[in-house]
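# Below is the sequence, then the predicted model.
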Amino acid sequence: MKLYAVAAVVDSVMAALRGTGSVRKVTKTALMPALALTSPPHDPGMAVGLAGSWAGDVALLGDSDRAFRTGLFSFLVAHVGYTAALARRSQPGSRGAVLPIVAASAAGAAVFARAAGPMGRPVGLYALTLGTMVAAASTVRGRGARRVFGGAALFAVSDALLGASRFVLDGRAARVASAGVMPTYAAAQWLIHTGFEQEGDPA
């Protein structure tokens, strides 16, 4: 955990500062490899999630629309992987929150799609995919279930902050929102992966 925690803290601080792009090419790209060492993925879906997240981290080091689209697609693939893994751990009678979460995700997707302008469709599709992952996390039961769902929810918070800082807010408000993206993202990934590895143990 120490290696990942150090990488996450350093990158979160660098992300909040200006002129740290060259440093973040090291710190941000190190996050998912450090997490893989901390909590090696044993499920293929979790491995896809980790790989897709790493590709997204690398892509989002750029500021262009092309880099954003590449990052969006990479994280969409990651969430498909996470959803598949979480669905395999779904328990009967645990799906009461699925419809409310999907409905809330659809509403959020519509809002961000409208704000994103020309990138509205991919942003909307991504938001729905993320919401599906959160819904799948809500159906997991076991020792690590709360950690998994907390991580999925934090992932949604992180992406909402990213979307708000890029498409909705400007000036100081955008910078404040942007500063919250990496801490919530790093915590989300750690909670999902470490919680999933515990899930098979008795509650």
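Cool, the structure landed.
# OK, contacts around the residue positioned nearest the centre of the chain?
Closest to where the C-alpha atoms of the chain average out (Cα atoms, centre = their mean) is Phe155, at 3.9 Å. Residues in contact with Phe155, defined by Cβ atoms under 8 Å, 6 or more residues apart in numbering, are Leu130, Met133, Val134, Thr184, Tyr185, Ala188, Gln189, Ile192. All C-beta atoms are positioned from the backbone trio N, CA, C, and that covers glycine.
# didn't Ala85 look like it was pressed against Gly195?
No: with contacts defined as Cβ atoms under 8 Å, Ala85 does not count as touching Gly195, sitting 11.5 Å away.
# Which of those two has more residues huddled nearby?
A count of neighbours by other Cβ atoms under 10 Å puts Ala85 above the other of Ala85 and Gly195, at 26 against 23.
# From Tyr4, how far out is Gly49?
Gly49 is 15 Å from Tyr4, where distance means Cβ to Cβ, to the nearest Å.
# Need the contact partners of the strand or helix carrying Ala127.
Per DSSP states H and E, Ala127 falls inside helix 120-137. Contacts to helix 120-137, defined as Cβ under 8 Å, 6+ apart, come from residues 69, 72-73, 75-76, 79-80, 82-83, 86-87, 90, 97-98, 101-102, 104-106, 108-110, 112-114, 116, 148-149, 151-153, 155-156, 159, 163, 167, 192.
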